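[1] quick one: sequence plus predicted model below, questions after.
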Amino acid sequence: MNLLRFPIGLALLLSVNATLAAATFDVKSFGAAGDGRTLDAPAIDKAIAAAAVAGGGTVEIPAGNYLCFTIHLRSHVTLHLDAGATIIAAEPPADLSRGYDDPEPNPVIDQYEDFGHSHWHNSLIVGENLEDIGITGPGRIYGRGLSRGYPADIRRDLLPEERKLPRNQWPNLALPQAAIEATAAIKSGPFGYPGKDTLPAHVGNKAIALKRCRNVIFRDFTIYHGGHFGILATGVDNWTCDNLKIDTNRDGIDFDCCQNVRVANCTVNSPNDDGICPKSSYALGEVRMTENVTITNCQVSGYDEGTLLDGTRQRGTDQAFGGARTGRIKCGTESNGGFRNITISNCVFEYCRGLALESVDGAQMEDIVVSNLTMRDIQNAPIFIRLGARRRGPAGTKVGTARRIKIDNVVAHNVSAQAGILIVGLKTAAIEDIALSHIFIDYVGGGTAAQADRVVPEMDAEYPEPDRFGTLPAWGLWARHVANLELSHVEFRSAKPEGRPAVLFEDAADITLDHAKLPHANGTAAVMLKDVRGLAVENCPGLPNVVRTAAISDERL
């Protein structure tokens, strides 16, 4: 019997091995050189096409440097970058006679979204209307020839290594005059789009772009210098994004109008734009919710570009873009469809801006839980919740909502003196049902009594960024146009003496303070109340227990 079984088992084993071998397609077998000089995108596309025709498989990119313009993904195919493999975004020639795929026409949507958000084809790696696809590591994607999307007369921005050279040795990146003139002649729509960020044909501005795909796995690879977006995924469902390292010059990971998304174990360094950024724009020509999203075990930062990957984590030596650091997790700014069922947990913020949750274009922002965040060296508000009325979208776009948001267990050190926690709604639409618990924030401090008297303008239609509000009249938390806000087991400290109150509530209803430590200098208030309707204070050191149902027009505690 053993003699009979052995050939059968061997035959099965050989059959399985043959099937596995047939499911792997080495790009070098299709003509890729991997020498960093030959344009290898056609060969990689051939390997992807062969895998698709075979019913699916893995396209293997072995060690080497693969210079490419646009690579086209296909359904049921995974692109695997071996250790030592780098896909390099090629630089288009100065006359733009060749380069990346042309941006697809999108004339209606261009009125409401910037060029980067409303075009996908002009990317290094692109997929549209696909299913069951993947990109896996541990190799690298290097967006050397990608534009960061602005200004329009630059083919791409300087690389970190180029910025270290004397100016007279910087490469010439100017576009042809005809391209500059064509861009200048663009007539903008009602919201300023299309605008100066519009790029001519053959210029790429994204490392990876997906549109209307489902069942996607990105795992283990690295993106360096990714252009306007390291990853832009729009209308992508059932997407797992795991263990990526991204060190880039603008946005890291953006998922727009996406559902059932899991982002885990990712490290994103993006000094000049957002790190991990759920959005819900009008880029698909319809309102679509971003929902059922988990972001966990991630790190975001704003070190100098390239210094995350080289391990030096330098701060502020690269002033090419003004030295302002972003690098955060943010829901928004694009916010037509909404954000629902979002969890953000176990994440680290360092040398960047704080957490931002924004609805300004009609989005429903509801049912959001944030827990276990640590932050250091935060450039503006550690927590920013904004309901605004920019309403960028088709006629009839209404104001959205912001409600049922719980933020728990946050520790932040060395936070900017300009703004504490910032929660700002509208006179006509309050932010509702907010719970902040177990939060310890250590601020720089140093605010003045004159700043405490400042009246902050409403700025309903402004771009939603904390620094647009200027230095705030409270150093720990300022909340305006809110209802049912609870602070429980919260402690604020300031390194320098503060002439502003720790907390200011303005046009607020049903405020609860429980076990809140709000230190204040002599002559300043711990809590300022302006037009508050319903207040409960209990177990707060230095403050009396208070239960007030009558309206409070102007009072200090």
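    Arrived safely, thanks for sending.

[2] need the CA coordinates for stretch 374-391. PDB is fine.
    Output of stretch 374-391 as PDB, limited to C-alpha atoms (Å, rounded to 0.1, in the frame of the first residue of the first chain):
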ATOM      1  CA  THR A 374      -0.100  59.600  23.300                       C
ATOM      2  CA  MET A 375       1.100  62.900  21.900                       C
ATOM      3  CA  ARG A 376       4.400  64.900  22.200                       C
ATOM      4  CA  ASP A 377       5.400  68.300  20.800                       C
ATOM      5  CA  ILE A 378       2.000  69.100  19.300                       C
ATOM      6  CA  GLN A 379       2.000  72.200  17.000                       C
ATOM      7  CA  ASN A 380      -1.600  73.300  17.600                       C
ATOM      8  CA  ALA A 381      -4.800  72.000  19.200                       C
ATOM      9  CA  PRO A 382      -4.300  68.500  20.500                       C
ATOM     10  CA  ILE A 383      -8.000  67.800  19.800                       C
ATOM     11  CA  PHE A 384     -10.000  69.800  17.200                       C
ATOM     12  CA  ILE A 385     -13.700  69.100  16.600                       C
ATOM     13  CA  ARG A 386     -15.300  71.400  14.000                       C
ATOM     14  CA  LEU A 387     -18.800  71.700  12.500                       C
ATOM     15  CA  GLY A 388     -18.600  74.400   9.900                       C
ATOM     16  CA  ALA A 389     -20.600  75.800   6.900                       C
ATOM     17  CA  ARG A 390     -18.200  76.000   4.000                       C
ATOM     18  CA  ARG A 391     -20.600  73.700   2.100                       C
END
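
[3] that stretch - what's its average pLDDT?
    Summarised as a single mean, pLDDT over stretch 374-391 is 97.

[4] now do stretch 481-498
    Mean predicted confidence for stretch 481-498 is 97.

[5] buried set for it?
    481-494, 498 (16 or more other CB atoms under 10 Å). (Glycine included, C-beta is placed from N, CA and C.)

[6] just those now: which is nearest residue 413?
    residue 493 (9.5 Å; CB to CB).

[7] the helix or strand encompassing that closest one: partners in the sheet, and parallel or antiparallel?
    Using DSSP states H and E, residue 493 falls within strand 477-496. Strand 477-496 has its sheet partners listed here by DSSP bridges as strand 421-424 (parallel), strand 431-445 (parallel), strand 503-517 (parallel).

[8] chain center to it, what's the gap?
    Between the centre of strand 477-496 and the centre of its chain there are 25 Å (CA atoms, centre = their mean, to the nearest Å).

[9] buried deepest among the strands paired with strand 477-496, which one?
    strand 421-424 (a mean of 26; mean count of other CB atoms under 10 Å).

[10] quick one: it to chain centroid distance?
    The answer for strand 421-424 is 20 Å, by CA atoms, centre = their mean.

[11] from the contact counts, what lies against the helix or strand hosting residue 408?
    Element membership of residue 408, judged by DSSP H and E, is strand 401-415. Contact partners of strand 401-415 among helices and strands, from 3 or more CB pairs under 8 Å, 6 or more residues apart in numbering; DSSP states H and E: strand 355-359, strand 364-378, strand 383-387, strand 431-445.

[12] now the residue nearest to the spatial centre of the chain: how far from residue 289?
    Nearest residue to the geometric centre of the chain (CA atoms, centre = their mean): residue 277, 2.4 Å. The spacing between residue 277 and residue 289, counted by CB to CB, to the nearest Å, is 16 Å.

[13] cool, residue 516 as well?
    34 Å.

[14] repeat for residue 116
    21 Å.

[15] show me the strands in the stretch 1-150 of the chain, by range?
    Here the stretch 1-150 of the chain has its strands, by DSSP state E, counting those that start in this stretch, at 24-26, 35-39, 57-61, 64-68, 71-72, 77-81, 85-89, 125-128, 131-136, 140-142.

[16] phi first, then psi, for residue 203.
    Main-chain torsions, residue 203, degrees, to the nearest 10: phi -100, psi 130.

[17] next, give phi and psi for the nearest residue in space to it that is not next to it in sequence.
    Residue nearest to residue 203 in three dimensions, not counting chain neighbours: residue 147, with 5.3 Å by CB to CB, 6 or more residues apart in numbering. Main-chain torsions, residue 147, degrees, to the nearest 10: phi -80, psi 150.

[18] residue 191: helix or strand, and which one exactly?
    Per DSSP H and E, there is no helix or strand for residue 191.
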